[in-house]
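>>> Provided below for reference: sequence and predicted model.
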Amino acid sequence: MTVYAGLISRSMAYVLDALIVAVFTMLGAKTLGMVASVVGNVATELSQMVLTSYLKFLPFIFALYCTLFWALAGRTPGMTVLGLRVVRFDGGPPGWFAALFRALLLAFFPIGALWLLVDRRRQGLQDKIARTAVLRHSSPRDEVTVVARVAP
């Protein structure tokens with residue numbers, strides 16, 4: 001049976017996804033630094049700037065990561081590990097606009113996700129605005145049934 005995902009499972013998925021993004025971004029920045037050290041002084045200065053400022057770009061990269069995965073698959077790798085899925089109220093995957101808006105809110109205003117603690121459908125602020133829900137499920141057929149039953 002499918003149920004709405006709670007704070008613990010969603011937080012664990014968020015942390016897994018954040019770690020994936022941070023590790024791959026850091027590896028990309030380090031690789032750029034190594035290549036730049038071979039190329040020359042101008043590239044080395046550029047790589048130093050990238051290495052020191054890549055933390056500023058992490059929210060943007062995280063938002064892009066989430067948007068792509070939510071729009072294409074309805075879940076990120078972290079959500080897949082925990083059996084979670086983002087769906088619209090009609091049971092389908094979120095569209096590109098909903099996925100982008102949801103990802104930007106989550107990346108730049110993560111405290112809004114805590115609204116799920118007081119919501120009966122366990123929706124965070126990003127879910128309310130994008131008209132989505134995060135479900136924990138056992139089969140894809142179940143999630144359409146549950147979401148259709150509670151849709152306004």
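Yep, it's here.

>>> can you pull the contacts of the residue lying closest to A98 once chain neighbours are set aside?
Closest residue in space to A98, ignoring its immediate chain neighbours: A130 at 4.3 Å, by Cβ to Cβ, 6 or more residues apart in numbering. For the C-beta atoms, the positions are set from N, CA and C on the backbone; glycine is no exception. A130 sits next to 94, 98-99, 101-102, 105 when contact means Cβ atoms under 8 Å, 6 or more residues apart in numbering.

>>> low pLDDT regions in the protein?
Along the chain, the parts satisfying pLDDT under 70 run over 1-2, 40-44, 47, 50-51, 138-152.

>>> measure the closest residue to A22 other than its chain neighbours to G28 for me?
Once flanking residues are discounted, A22 sits nearest to L58: 6.5 Å by Cβ to Cβ, 6+ apart. Distance, L58 to G28, using Cβ to Cβ, to the nearest Å: 12 Å.

>>> and M79, by the same measure?
The gap separating M79 from G28 is 23 Å, by Cβ to Cβ.

>>> the more surrounded of those two?
A side-by-side neighbour count of M79 and G28, using other Cβ atoms under 10 Å, places M79 first with 26 against 13.
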